[in-house]
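Chemist: Quick one: sequence and predicted model below, then my questions.
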Amino acid sequence: MPHLSPVSRKDFIKILHKFGFIGPYPGGNHSFMLKNKIRLILPNPHSKEVGVALLHNLLKQADINVEEWNQSK
């Protein structure tokens, strides 16, 4: 199984743009990005990195597999 590593919020957003997501847009408590019918809630920029567990959950919601994610970096 491919390995994930933590990524900065800024880099996370840049890579999501490569996958066709637009935004981020301001939301209630969190900003979000859109692609077709997928609305991906982004973590707040309090910590410096998006951890592995959270990254795995966000990729699952965004319908991006780990191999695609690692190739896009």
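Modeler: Great, that's in hand.

Chemist: where along the chain do the helices fall?
Modeler: Using DSSP state H, the helices found in the chain span residues 9-18, 52-62, 66-72.

Chemist: Could I get those in CSV, plus columns for mean pLDDT, mean neighbour count and distance to residue 40?
Modeler: Yep, even glycine has a C-beta here, placed from its N, CA and C like the rest. What follows is the helices of the chain, written out as CSV (pLDDT from 0 to 100; neighbours: other Cβ atoms under 10 Å; distance: least, Cβ to Cβ, whole Å):
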stretch, mean pLDDT, mean neighbour count, distance to residue 40
helix 9-18, 96, 15, 7
helix 52-62, 96, 15, 5
helix 66-72, 94, 13, 13
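
Chemist: Please name the residues that touch residue 16.
Modeler: Residue 16 sits next to 33, 40, 62 when contact means Cβ atoms under 8 Å, 6 or more residues apart in numbering.

Chemist: Tell me the confidence at the residue lying closest to the first one once chain neighbours are set aside?
Modeler: It refers to residue 33. Residue nearest to residue 33 in three dimensions, not counting chain neighbours: residue 23, with 3.7 Å by Cβ to Cβ, 6 or more residues apart in numbering. Note for residue 23: predicted pLDDT of 97.

Chemist: again, but for the one 5 residues further on
Modeler: The predicted local confidence for residue 28 comes out at a pLDDT of 88.

Chemist: residues near it, how many?
Modeler: By other Cβ atoms under 10 Å, 7 other residues sit near residue 28.
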